[in-house]
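Student: Sequence first, predicted model second:
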Amino acid sequence: MTQPLIVLPLELIFSVANTTALVAWSGLILLKRTPALCHAIQWAAVGSLCVAYAVLIQLYFFAVPGGGFGTLAAVQRLFAVPEVALAGWIHYLAFDLFVGLWIARRADAMGFSRWLQAPVLALTFLFGPIGLLVFGLGIAARRVWRRPLPGGASA
C-alpha cells in the first residue's frame, strides 16, 4: 500500500476508541449494573467500536499486498500498516469489552460477589483471554465446592 485510501486522524480514532472502552469498563466494574447500563455498554460502546473496526477493515485490510492470515509473515504485513494495526487494536477493545459484559452478567446471575468480579473483569480488560480463563476456573471451582460429599455429607 503506497498511499492511504483516505486520510483518517488515526491518533484521534485511537484516543476515542480507548476512551470509549475505558469509560465502559469503569462503568461495568464500578457502577450498579442496571439493564440500562448494560444495554448502553453493549450497544453504544461495543457497537461503536465494531463500527469503527468495520470501517477500517473495509478501507484498508484488503489493500495490503501479501497481507492475510495464512502465515505469520502475512499477518505481520497486515499489522505493519498503521490503519490495520489500529483496526486490530479496536478489535481487541470490542471483543474484550463484550466478553467482560458477558462475564459480568453471568457472574451477577450466579451470585458472585462484585468484589470477586472486579479482579476478573480487570484481567479481562487488560489481558482478555486470561480473565475469561480465570472466570471459567471460578465457575468450575464453585461447582466442585457445591457438590455434596460422598455418603451424603455436606462440605
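Tutor: Perfect, I can see it now. Numbers count the residues shown, from 1 in each chain.
Student: quick one: low-confidence parts of the protein?
Tutor: Across the chain, the ranges flagged by pLDDT under 70 are 1-7, 147-155.
Student: Output the longest helix belonging to it.
Tutor: Longest helix in the chain by number of residues (criterion: DSSP state H): helix 82-110.
Student: what about residue 16, distance to residue 90?
Tutor: Noted for residue 16: a distance of 10 Å to residue 90, by C-beta to C-beta, to the nearest Å. Heads up, the C-betas are built off the backbone N, CA and C, glycines and all.
Student: And those two? Which one has more around it.
Tutor: Neighbour comparison, residue 16 and residue 90: the larger count goes to residue 90, with 27 against 15 (by other C-beta atoms under 10 Å).
Student: And that one, how close does it get to residue 51?
Tutor: 10 Å.
Student: next one: residue 144
Tutor: The value you get for residue 144 to residue 51, if C-beta to C-beta is used, is 42 Å.
Student: These two - which one has more neighbours?
Tutor: When neighbours are counted by other C-beta under 10 Å, residue 51 comes out ahead of the other of residue 144 and residue 51, with 12 against 9.
Student: what's the nearest residue to the most centrally placed residue in the chain if we skip its chain neighbours?
Tutor: The centre of the chain sits closest to residue 96, judged by C-alpha atoms, centre = their mean, with a distance of 0.9 Å. Leaving aside its sequence neighbours, residue 96 sits nearest to residue 128 (C-beta to C-beta, 6 or more residues apart in numbering; 4.3 Å).
Student: what sits against the one you found?
Tutor: Counting by C-beta atoms under 8 Å, 6 or more residues apart in numbering, residue 128 makes contact with 92, 95, 96, 99.
Student: I'd like those laid out as a markdown table, including distance to residue 56.
Tutor: As requested, those are exported to a markdown table (distance: C-beta to C-beta, whole Å):
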| residue | distance to residue 56 |
| --- | --- |
| 92 | 13 |
| 95 | 15 |
| 96 | 17 |
| 99 | 21 |
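Student: now that we have the residues you listed, which one has the most neighbours?
Tutor: Within those, residue 96 tops the neighbour count with 23 neighbours, counted by other C-beta under 10 Å.
Student: what's that residue in contact with, if anything?
Tutor: Residues near residue 96 by C-beta under 8 Å, 6+ apart: 21, 124, 125, 128, 131.
Student: Which of these fall within helices?
Tutor: 21, 124, 125, 131.
Student: quick one: contacts for the third one?
Tutor: What that stands for is residue 125. Residues counted as contacts of residue 125 (C-beta under 8 Å, 6+ apart) are 21, 25, 96, 97, 100, 131.
Student: Cool, thanks, signing off.
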